[in-house]
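S.K.: fold the stuff below for me.
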Amino acid sequence: MFNKKEKVMIDKKVWLVIEKNVYGDTNPTYTFSVIKFHQTIEEAMRYKVCLEKLNDRKNQSYFLASDIDMVLSDVAKHHNKSVDRKEVA
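M.R.: Numbering: from 1, shown residues only. Alright, predicted model coming up:
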């Protein structure tokens with residue numbers, strides 16, 4: 001009984017709508033926040049498009065992620081870029 005329910009939860013894919021903010025020009029700082037999650041890519045994309053239409057800030061953007069590995073790799077990439085810039089300066 002429990003195994004069946006557990007398998008269904010594992011098979012479901014969750015789509016995250018993530019907000020990215022950039023602060024500062026010379027040494028930018030990035031923040032990431034999960035705004036909402038959806039069960040389908042269509043729902044997540046629709047929500048992201050609405051947020052982008054309402055967005056009036058140039059330092060704020062939105063993207064979709066389907067799993068935590070994708071999010072962490074993006075955060076790590078931005079972190080590595082910021083560390084590289086500090087070493088050059």
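S.K.: if I look at the closest residue to residue 41 other than its chain neighbours, how far off is residue 66?
M.R.: Spatial nearest neighbour of residue 41, excluding adjacent residues (Cβ to Cβ, 6 or more residues apart in numbering): residue 15 at 5.6 Å. C-beta: built from backbone N, CA, C; applies to glycine. Going from residue 15 to residue 66 by Cβ to Cβ, to the nearest Å gives 6 Å.
S.K.: between the two, which one's more packed in?
M.R.: Between residue 15 and residue 66, counting by other Cβ atoms under 10 Å, residue 15 is the more crowded of the two (20 against 13).
S.K.: what residues are bridge-paired with that one?
M.R.: Beta-bridge pairing for residue 15 (DSSP bridges): residue 38.
S.K.: quick check: it touching residue 47?
M.R.: No: counting by Cβ atoms under 8 Å, residue 15 does not reach residue 47; the two are 9.2 Å apart.
S.K.: what do those two both touch?
M.R.: Shared contacts of residue 15 and residue 47 (Cβ atoms under 8 Å, 6 or more residues apart in numbering): residue 38.
S.K.: which secondary element of the chain has the worst mean pLDDT?
M.R.: helix 2-11 (a mean of 51; mean pLDDT, DSSP states H and E).
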